[in-house]
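Asks: Sequence first, then the predicted structure:
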Amino acid sequence: MSASYELHGSVAVITLNNPPVNGLGYETRKGITDGLNKAEDDANVKAVVITGAGKAFSGGADIREFGSPKALQEPNLLSVIKTVEDCSKPVVAAIHSVCMGGGLELALGCHYRVAASGTQVALPEVKIGLVPGAGGTQRLPRVIGVENALNMIVSGDPVKSELLAAIPGQTLFSKIVDGDVVAAAVAFANEVADQRPLPLVRKLKAEHPNPDGYFQFARNTVKAVAKNFPAPAKCVDAVEAALKKKFDDGMAFEREQFVALMMTPECKALRHAFFAERAASKIPDVPEDTPVRAINKVAVIGAGTMGGGISMNFLNAGIPVVMLEMKQEALDRGIGVMRKNYEAQVKKGKLKQDKLEQRMGLLSSTLSYDEIKDADLVIEAVFEDIGVKEQVFKTLDEVMKPGAILASNTSTLDVNKIASFTRRPQDVIGMHFFSPANVMKLLEVIRGEKTAKDVLATVMQLAKKIKKTAVVSGVCDGFIGNRMIEQYSRQAGFLLEEGCTPEQVDRAIEKFGFAMGPFRMGDLAGNDVGWYIRKRRYIEKPNMRYSKTADLLCEMGRFGQKTGAGWYDYKAGKRDAIASPVVNEMIEKHRAELGVSPRKISDDEIVGRLVYALVNEGAKILEEGIALRASDIDMVYLTGYGFPLWRGGPMCYADTMGLFNVVQSMRRFARNPLDDATFWQPAPLLARLAEEGKTFS
């Protein structure tokens with residue numbers, strides 16, 4: 001049983017025991033109702049306490065049951081809560097550590113609640129595109145007030161128990177305690193054992209002095225902030241029902257919203273992302289209990305934008321960093337930029353001054369390799385050139401202690417080749433951070449042919465510690481993210497030659513939901529970066545066709561925001577992209593030289609070509625085993641490339657559209673004489689799945 005039952009004098013204690021967070025799976029739900037029945041049948045039992053073992057009261061639904069028949073099997077959570085409410089003896093929830101989702105809904109069904117201070121309390125369902133489904137929207141407003149409840153439900157963010165206990169007139173907690181919450185709840189249960197009638201949250205009234213005005217304001221706010229997500233607006237409707245309908249009618253309304261949202265593409269995409277993030281950390285041939293290497297000190301080579309950003313991640317996690325550069329002025333400049341980044345956070349109130357000093361205090365710098373030799377992990381963040389990397393790794397091989405992990409922050413280069421510059425290829429791995437490295441969530445972890453399993457396990461664990469979403473990639477040119485974005489960028493270039501302007505392409509893809517279109521993205525990253533890679537391509541892959549427009553732009557010295565001019569013009573000190581007549585003239589001239597008459601291109605075609613270019617290359621990456629699973633590719637795009645979260649990533653989006661339809665669109669693109677017909681041959685995996693009516697997931 002996933003719930004135990006024991007007597008503490010005349011109080012029965014039911015303890016949920018379903019690690020890691022006591023998810024309310026079928027066995028646990030059954031354990032609760034069996035325990036309540038046992039307590040009802042025992043004349044010596046005067047009251048019941050429900051608590052959770054280990055590190056949580058309950059984190060809510062058991063995600064392992066999502067979408068399976070067990071999730072709905074009786075007793076479902078609504079039935080469990082009804083059994084609790086109907087119990088003829090007082091039921092006290094002893095809440096601690098984590099009380100979220102269905103866990104909070106269960107506690108709200110109890111007659112009393114005793115909480116440990118520091119408990120994280122939340123209804124986070126909105127984060128996976130749902131409203132709470134077991135009375136959360138109906139009961140929470142009755143105990144902490146309509147506005148507090150709606151804020152919690154719409155944000156889904158956790159709130160500390162003592163903050164909730166401080167709300168005037170709240171009836172969520174009977175008591176907040178430090179120390180043993182179960183002992184306190186048992187003592188409280190003894191005090192209230194004979195009190196009748198038993199208090200029920202459902203019998204309380206939800207009230208607001210100006211409901212119509214308030215809910216109108218709430219709707220306007222939600223519409224502005226969450227326009228692409230249907231769930232937050234439904235949360236407002238459900239809380240309004242708590243105020244305006246009878247309790248049972250409000251419950252029925254909440255359930256209707258929950259079931260309807262479950263079927264929306266946005267909810268499916270958010271659930272997909274939720275599971276994808278958890279799946280990304282699992283590597284089939286590297287068991288979870290693989291021993292890891294201790295990382296107590298990190299060295300970073302290079303104090304440029306990447307080196308500084310990478311260092312900040314470790315300083316934020318309390319890990320000392322030593323930064324190496326060739327020249328003192330480069331070090332001073334890099335450290336100055338890091339301090340400025342921290343000071344900006346202090347100004348915004350996101351960081352306390354003493355924390356800034358504490359973090360900078362963990363940073364040391366050096367001009368000598370000799371002073372980094374005792375680091376447990378060294379990350380190279382130097383210029384993206386194989387010759388430069390060779391010098392660095394040969395030196396690291398000479399100086400670093402045995403067992404140190406040697407990582408490269410390369411974005412495209414061959415990690416196996418980099419490993420071959422050392423006599424310890426088993427210790428070499430790629431750690432590709434995304435710029436700005438102290439902000440972006442994604443870390444591509446590149447597993448070389450000889451990378452040791454414990455090295456991979458160590459880096460994956462370390463990624464969690466520095467709050468990154470790590471995705472494993474095999475070795476290929478550009479790994480997962482940049483290999484796919486290259487095809488996307490090629491399509492963007494062809495669209496310019498056929499009749500689009502940069503702003504039209506960016507506008508269409510931003511309307512689709514991307515944070516930034518390909519041309520604004522190029523200006524931000526630096527157009528010279530892509531130029532450098534293309535020059536390499538022209539030698540290595542002479543058959544791969546590119547639009548000349550990007551090279552012409554770079555020949556004009558327009559490298560992007562850093563030079564004040566790229567695909568767009570920029571005003572000094574501002575990041576606003578202004579359409580450039582010079583660039584549009586260059587494109588028109590180039591078009592004329594090609595003998596191309598511009599045509600009107602729809603937003604649908606722009607989006608289809610850009611997104612399906614990602615999908616087709618993603619399918620090849622999957623087939624080659626570079627990515628372990630389709631959801632890993634989605635994770636890369638959601639956390640590193642600004643793909644719209646409510647669409648779930650490129651592979652999830654393709655599944656939603658139907659792979660048959662994706663292939664049909666690609667056939668249409670292939671017929672365009674100005675496009676690259678060979679690229680639009682569907683990848684064998686994509687063709688096969690479309691043929692069989694299957695999906696990537």
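Replies: Received it, and whenever you're ready, just let me know what you need.
Asks: Which residue comes closest to I633 once chain neighbours are left out?
Replies: Residue nearest to I633 in three dimensions, not counting chain neighbours: G618, with 4.7 Å by Cβ to Cβ, 6 or more residues apart in numbering. The C-beta positions use only the backbone N, C-alpha and C, and glycine is treated the same way.
Asks: The one you found touches R629, doesn't it?
Replies: No - in this structure, G618 is not within contact of R629 by Cβ atoms under 8 Å, at 11.1 Å.
Asks: higher neighbour count, those two?
Replies: G618 (31 against 19; other Cβ atoms under 10 Å).
Asks: among the helices and strands of the protein, which one scores worst on average pLDDT?
Replies: Counting by mean pLDDT, DSSP states H and E, the chain has its least confident helix or strand at helix 527-540, which shows a mean of 87.
Asks: so how far is G307 from the residue nearest to I633?
Replies: When distance is defined by Cβ to Cβ, to the nearest Å, G618 is 30 Å away from G307.
Asks: do F679 as well
Replies: Counting by Cβ to Cβ, the gap between F679 and G307 amounts to 35 Å.
Asks: For these two, work out which one has more neighbours and name it.
Replies: A direct count of neighbours by other Cβ under 10 Å for F679 and G307 places G307 higher, at 28 against 18.
Asks: after the helix or strand that contains E390, next one along is what?
Replies: E390 belongs to helix 386-399 when assigned by DSSP states H and E. Following the chain from helix 386-399 toward its C-terminal end, the next helix or strand by DSSP H and E is strand 405-408.
Asks: and whichever helix or strand comes after that following strand, which residues are buried?
Replies: Scanning the chain past strand 405-408 towards its C-terminal end, the next helix or strand to appear is helix 415-420 (assignment: DSSP H and E). Within helix 415-420, the residues that count as buried by 16 or more other Cβ atoms under 10 Å are 415-416, 418-420.
Asks: Equivalent analysis for stretch 78-96, please.
Replies: Under the neighbour-count criterion of 16+ other Cβ under 10 Å, stretch 78-96 has 78, 80-81, 83-85, 87, 89-96 buried.
Asks: just stretch 138-153 next, same as before
Replies: In stretch 138-153, the ones that count as buried by 16+ other Cβ under 10 Å are 138-146, 148-150, 152-153.
Asks: okay, how far is it across that stretch, tip to tip?
Replies: 11 Å (Cα to Cα, to the nearest Å).
Asks: taking the mean pLDDT, what do you get for that stretch?
Replies: Model confidence over stretch 138-153, given as mean pLDDT, is 98.
Asks: do stretch 504-514 as well
Replies: For stretch 504-514, the mean pLDDT works out to 97.
Asks: Need the residues that contact that stretch.
Replies: The contact list for stretch 504-514 (Cβ atoms under 8 Å, 6 or more residues apart in numbering) reads 228, 492, 495-496, 516-520, 577, 601, 603, 606-607, 610-611, 642-644, 646-647.
Asks: Try it again at 6 Å.
Replies: Defining contact as Cβ atoms under 6 Å, 6 or more residues apart in numbering, one finds that stretch 504-514 is touched by 492, 495, 517, 519-520, 603, 606-607, 610, 642, 644.
Asks: Same question for stretch 595-606.
Replies: Counting by Cβ under 6 Å, 6+ apart, the neighbours of stretch 595-606 from elsewhere in the structure are 497, 499-500, 505, 508.
Asks: can you give me phi and psi for S88?
Replies: Dihedral angles phi and psi of S88 (degrees, to the nearest 10) take the values phi -80, psi -10.
Asks: what sits against it?
Replies: For S88, no residue meets the contact criterion (Cβ under 6 Å, 6+ apart).
Asks: What does the pLDDT read for it?
Replies: Model confidence at S88 (pLDDT) stands at 97.
Asks: Where does the prediction get shaky in this structure?
Replies: Under the criterion pLDDT under 70, the flagged ranges of the chain are 1.
Asks: domain parsing for it?
Replies: The record, using automatic domain parsing to delimit domains, assigns the chain the ranges 3-262, 298-473, 481-691.
Asks: Go through the ones you listed and name the closest to L270.
Replies: Go through these one by one with Cβ to Cβ and the one that ends up closest to L270 is domain 3-262, at 4.0 Å.
Asks: Quick one: end-to-end distance for the closest one.
Replies: 28 Å.
Asks: Same question for stretch 196-210.
Replies: Using Cα to Cα, the end-to-end distance of stretch 196-210 comes to 34 Å.
Asks: Report how many residues lie close to the nearest residue to R271 once chain neighbours are set aside.
Replies: Distances taken as Cβ to Cβ, 6+ apart put I128 closest to R271, at 5.0 Å, once the chain neighbours are dropped. Each residue near I128 was counted by other Cβ under 10 Å, and the total is 24.
Asks: before we move on, what about L108?
Replies: L108 is flanked by 27 other residues according to other Cβ under 10 Å.
Asks: again, but for the one 10 residues further on
Replies: Using other Cβ under 10 Å, G118 is surrounded by 12 other residues.
Asks: quick one, phi psi at the residue nearest to R271?
Replies: The phi/psi pair for I128 (degrees, to the nearest 10) reads phi -110, psi 30.
Asks: ranges for the strands of the stretch 201-350 of the chain?
Replies: Counting by DSSP state E, counting those that start in this stretch, one finds strands in the stretch 201-350 of the chain at the ranges 298-301, 321-324.
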